[in-house]
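>>> got a structure for you, letters missing:
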């Protein structure tokens, strides 16, 4: 938050709630919501100062700068 740029990805795990916000952000981000098998089931593009809640609870959330990755719903990711 508060940065002018974002060159990496951020993976969130073990959340009690999958809602996300972009308060204090200065640029748009892509947010990928994944299930327990690390399969993307929803994607959101968020502008600064927005709130978003996916249709179902996510096990993992991946945040990236807008258009950084070319992932789509149904893609399976592999990370530790």
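Perfect, I can see it now. Every value quoted in this text rests on a predicted model; they were computed, and no experiment measured them. Numbering: from 1, shown residues only.
>>> only C-alpha atoms from now on, for both contacts and neighbour counts.
OK.
>>> quick one: strands adjacent to the helix or strand of the chain with the lowest mean pLDDT?
One helix or strand of the chain scores below all others by mean pLDDT, DSSP states H and E: strand 10-13, with a mean of 85. Sheet partners assigned to strand 10-13 using DSSP bridges are listed as strand 60-65 (antiparallel).
>>> what's the strand it pairs with in contact with?
The contact list for strand 60-65 (Cα atoms under 8 Å, 6 or more residues apart in numbering) reads 5-15, 18, 27-36, 38.
>>> mark which of those are buried, thanks.
Buried by 16 or more other Cα atoms under 10 Å: 6, 18, 27-35, 38, out of these.
>>> from those, pick the one nearest residue 57.
When these are compared for distance to residue 57 (Cα to Cα), residue 18 wins out at 5.6 Å.
>>> if we ignore the residues flanking it in sequence, what's nearest the most centrally placed residue in the chain?
The centroid of the chain falls nearest to residue 31 when counting by Cα atoms, centre = their mean (2.4 Å). Leaving out its chain neighbours, the residue that sits closest to residue 31 by Cα to Cα, 6 or more residues apart in numbering is residue 63, at 4.7 Å.
>>> with that, I have no additional questions.
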